[in-house]
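Enquirer: Give me coordinates for this.
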Amino acid sequence: METISNDIEIIKYLIFSNYKVILMNVDGISNEEAMIFPNNEANCMNWILGHLIYIRNAFLNVLGEESVWNNEKFSCYNRGEIPLNRKNEFISFEELKAYLQETQNKLESKLNSLESIDPVIINDISGLTLHEIYHSGQFGYLRRILGNPGAIK
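Expert: Residues are numbered from 1 along each chain as shown. Prediction:
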C-alpha cells in the first residue's frame with residue numbers, strides 16, 4: 001500500500017470542509033439576495049462566490065489542471081475589481097454554484113491522484129487555501145445581514 005503524504009491529506013480536508021461550509025452558507029439564498037451589496041459597498045454573495053471560483057481556477061492551474069471558465073470573460077470576479085461597478089456582468093447565483101461544483105470535482109480528483117506535492121508550490125497552495133477560508137467566512141455574516149439564520153450551529 002502506497003503512503004500518501006500528510007500535506008495532501010491536509011489540503012484535501014481543507015478543500016472538502018471549506019466546500020461544505022460554503023454550501024451550507026449559500027443554501028437557500030436567492031439570486032436577488034446574492035446581489036445585495038450591504039451598505040452599498042460591502043461585497044455581495046454573488047461576487048464573493050464568483051471570486052472564490054476565479055481563485056480556485058488559479059489553484060487548479062497551480063496543480064496543473066485547466067480552469068473551469070475563461071478568466072478574461074469572468075474578470076468582473078477578479079481581485080482588485082470594484083464589484084458594484086461591474087454587477088451587470090455577473091452571472092446567476094445558480095450558475096456560480098454549478099461552477100463551484102465543477103471546481104470541487106476537479107480539485108478532489110486531482111488531489112486524489114497525487115502521491116506528493118512539489119515543495120515549490122506549497123506556499124501557493126497554502127495561500128490559496130487561506131484565501132478561500134477567509135472569503136468563505138464572509139458568507140456566514142452576509143446570511144445574517146440578509147435576515148437568514150446562521151447555517152453553522
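
Enquirer: So the residue lying closest to Ser116 once chain neighbours are set aside versus Phe74, what's the distance?
Expert: Closest residue in space to Ser116, ignoring its immediate chain neighbours: Ser5 at 5.2 Å, by Cβ to Cβ, 6 or more residues apart in numbering. Placement of C-beta: from N, CA and C, glycine included. Ser5 is 33 Å from Phe74, where distance means Cβ to Cβ, to the nearest Å.

Enquirer: Okay, and the residue nearest the centre of the chain sits in which element?
Expert: The residue lying closest to the centre of the chain (Cα atoms, centre = their mean) is Leu52, at 3.0 Å. Secondary structure from DSSP states H and E places Leu52 in helix 45-62.

Enquirer: Beyond that helix, next helix or strand please.
Expert: helix 83-86.

Enquirer: Let me see the confidence value for the closest residue in space to Tyr99 that isn't next to it in sequence.
Expert: Of all residues not flanking Tyr99 in the chain, Ile53 sits nearest, at 4.9 Å (Cβ to Cβ, 6+ apart). For Ile53, the model assigns a pLDDT of 97.

Enquirer: ditto for the one 5 residues further on
Expert: Ala58 is assigned a pLDDT of 96 by the prediction.

Enquirer: How about Asn6?
Expert: Looking at Asn6, its pLDDT is 87.

Enquirer: and what of Lys153?
Expert: Listed pLDDT for Lys153 reads 79.

Enquirer: show me where the protein has helices.
Expert: 6-26, 31-34, 45-62, 83-86, 93-113, 122-145 (DSSP state H).

Enquirer: To Ala151, which of those lies closest?
Expert: Ala151 lies closest to helix 6-26 among the helices of the chain, at 4.1 Å (Cβ to Cβ).

Enquirer: Show me what that closest one packs onto, helices and strands only.
Expert: Other helices and strands packing on helix 6-26, by 3 or more Cβ pairs under 8 Å, 6 or more residues apart in numbering; DSSP states H and E, are helix 45-62, helix 93-113, helix 122-145.

Enquirer: Pick the most buried one from those.
Expert: Of all the helices and strands packed on helix 6-26, helix 45-62 has the most neighbours on average by mean count of other Cβ atoms under 10 Å, namely a mean of 22.

Enquirer: Output it as PDB, restricted to C-alpha atoms.
Expert: Output of helix 45-62 as PDB, limited to C-alpha atoms (Å, rounded to 0.1, in the frame of the first residue of the first chain):
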ATOM      1  CA  MET A  45     -22.600  37.000  -2.100                       C
ATOM      2  CA  ASN A  46     -22.600  36.700  -5.900                       C
ATOM      3  CA  TRP A  47     -19.200  38.400  -6.200                       C
ATOM      4  CA  ILE A  48     -17.700  36.500  -3.300                       C
ATOM      5  CA  LEU A  49     -18.700  33.200  -4.800                       C
ATOM      6  CA  GLY A  50     -17.500  34.200  -8.300                       C
ATOM      7  CA  HIS A  51     -14.300  35.500  -6.800                       C
ATOM      8  CA  LEU A  52     -13.700  32.100  -5.000                       C
ATOM      9  CA  ILE A  53     -14.200  30.300  -8.300                       C
ATOM     10  CA  TYR A  54     -11.900  32.700 -10.000                       C
ATOM     11  CA  ILE A  55      -9.200  32.000  -7.500                       C
ATOM     12  CA  ARG A  56     -10.000  28.200  -7.400                       C
ATOM     13  CA  ASN A  57      -9.100  28.300 -11.100                       C
ATOM     14  CA  ALA A  58      -5.600  29.600 -10.100                       C
ATOM     15  CA  PHE A  59      -5.500  26.700  -7.600                       C
ATOM     16  CA  LEU A  60      -6.300  24.300 -10.400                       C
ATOM     17  CA  ASN A  61      -3.600  25.800 -12.600                       C
ATOM     18  CA  VAL A  62      -1.000  25.500  -9.800                       C
END
